[in-house]
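S.K.: coords below, sequence missing:
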């Protein structure tokens, strides 16, 4: 560390710089570090770009002042399974030498790693001890929720919970539920830090440009897979809403590469007689997303009440709120700890398309009240969920870990 300026390395498996919720959280965390006078760098461990729709072909570069590098030396996921394995192994092989090279070019103060797969922390841990680098794990949901329950994942989960979590000096966790989950698993000297959902309000300041598509619409943006966001409930609710608002469209914004899920959702819309009113946009570039959100009449998230909702916190909610557009969301997890129905959001019961539809209709009917509620939501987002605020929290936490290390040594 030169003077008081720190260098923080983020290690991830998310697409950079263009992705969905996990990418946006990663970039907002990194920017929170950078805007507060420190340096943030991102290493991506594997290719992330689908070969049929490549948004970024640069294996290294800079985005919004943040340097990034793909350790696989390629961003595109190969179609051939042997090439895919080669790129995965190349990312592993390059990890240690690239960390060493970066460290001796100016020192790394902390490594923040987000993947839960055991192999990456196990490889990095000895190096962090040799080079005296603080080792931090970032989690925004329970580990391994979306993985198959076959023998491989069961073994990896066991290694992770019994060994890997004890390797870290500290944790950045997005919810109190995750703090409670990790507390009994970590080593006694480890510290846990609640880092709330983070959002960059600057992305939404100058993006309110009319789009060529002038259809009136309400919108959802996110990952369709696993129905973690209740997209099927959302479509069912929209079928009810569309009866009273027949000119309205529902934009479902996100990657459609999972053809099984996409076909199922499209089929549901068609079976409900709203096939032409539900628009699946496909993957949208990060820089284009603000325009899609800002031009929607309402922003929607019908997240069901499940274990994923209990442990996680939807990072897309921060972006929704920051637009100042009215938000309709379900009362799940820790969302009610921050949002109040009729004050800064419209809140429906989870797993209940009728309840969600009624909240959407309420917002569409009383537009003046909805506008006020949307602006109140924005005030919340730009204060406690602001990336600058959370960045300061992270910096103070890292400094406290380093001070303790220096004292003990």
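M.R.: Nice, thanks for sending it over. Here the structure is a predicted model, which means the values were calculated and not measured. Numbering: from 1, shown residues only.
S.K.: so who does residue 287 touch?
M.R.: The contact partners of residue 287, by CB atoms under 8 Å, 6 or more residues apart in numbering, come to residue 18. Quick note: C-beta positions are derived from backbone N, CA and C, even for glycine.
S.K.: what about residue 29, which helix or strand?
M.R.: Secondary structure here is read from DSSP states H and E; on that basis residue 29 sits in helix 21-35.
S.K.: Would you mind pulling the contact partners of the next helix or strand after that helix?
M.R.: Remark: after helix 21-35, the chain's next helix or strand is strand 39-44, criterion DSSP H and E. Taking CB under 8 Å, 6+ apart as the criterion, the residues outside strand 39-44 that touch it are 5-16, 26, 29-31, 33-34, 66-72, 95, 98-99, 102.
S.K.: from those residues, which ones fall inside strands?
M.R.: 7, 8, 9, 10, 11, 12, 66, 67, 68, 69, 70 (DSSP state E).
S.K.: need the contact list for the third one.
M.R.: Which is residue 9. For residue 9, the residues meeting the contact criterion (CB under 8 Å, 6+ apart) are 41, 42, 43, 99, 102, 108, 110, 111, 112.
S.K.: Confirm that the last one sits in a strand.
M.R.: By that I understand residue 112. Yes - with the criterion set as DSSP: H, G, I helix; E, B strand; the rest coil, the secondary structure at residue 112 is a strand.
S.K.: what about the residue lying closest to it once chain neighbours are set aside, how many residues close to it?
M.R.: Leaving aside its sequence neighbours, residue 112 sits nearest to residue 136 (CB to CB, 6 or more residues apart in numbering; 4.6 Å). Applying other CB atoms under 10 Å, we find 25 residues neighbouring residue 136.
S.K.: again, but for residue 372
M.R.: That count, for residue 372 with other CB under 10 Å as the rule, works out to 14.
S.K.: Give me the three-state assignment for it.
M.R.: For residue 372, the assignment made with three-state DSSP gives helix.
S.K.: Could you check how far it is from residue 341?
M.R.: Between residue 372 and residue 341 the distance, using CB to CB, to the nearest Å, works out to 14 Å.
S.K.: cool, and residue 229?
M.R.: Look at residue 229 and residue 341: by CB to CB, they are 19 Å apart.
S.K.: So for those two, which residue has more residues nearby?
M.R.: Shown here are residue 229 and residue 341; by other CB under 10 Å, residue 229 has more neighbours (26 against 14).
S.K.: From residue 279, how far off is that one?
M.R.: Residue 229 is 17 Å from residue 279, where distance means CB to CB.
S.K.: wait, what's in contact with the residue nearest to residue 112?
M.R.: The neighbours of residue 136, taking CB under 8 Å, 6+ apart as the test, are 110, 111, 112, 113, 168, 169, 170, 171, 172, 398, 401.
S.K.: which residues does the first one form a beta bridge with?
M.R.: Per DSSP bridges, residues listed as beta-bridge partners of residue 110: residue 8, residue 134.
S.K.: That one contacts residue 131, correct?
M.R.: No - because the distance of 11.2 Å does not satisfy CB atoms under 8 Å, residue 110 is recorded as not touching residue 131.
S.K.: quick revisit: just the buried ones from the contacts of strand 39-44, in PyMOL syntax?
M.R.: Only the buried members of the contacts of strand 39-44 enter the following PyMOL selection, criterion being 16 or more other CB atoms under 10 Å:
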select buried, resi 6+7+8+9+10+11+12+13+14+15+16+26+29+30+31+33+34+66+67+68+69+70+71+72+95+99+102
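S.K.: all strands for the stretch 301-409 of the chain, in order.
M.R.: In chain order, the stretch 301-409 of the chain shows strands spanning 327-330, 346-348, with DSSP state E, counting those that start in this stretch as the criterion.
S.K.: Single out the most deeply packed of the ones you listed.
M.R.: Ranked by average neighbour count under the criterion mean count of other CB atoms under 10 Å, those are headed by strand 327-330 at a mean of 27.
S.K.: Work out the sheet partners of that strand and label each with its direction, please.
M.R.: Note on strand 327-330: by DSSP bridges, its sheet partners are strand 299-301 (parallel), strand 346-348 (parallel).
S.K.: Could I get the average pLDDT for the last one?
M.R.: This means strand 346-348. Strand 346-348 carries an average pLDDT of 98.
S.K.: With stretch 304-323 instead?
M.R.: Averaging pLDDT along stretch 304-323 gives 90.
S.K.: repeat for stretch 41-61
M.R.: On average, stretch 41-61 scores 92.
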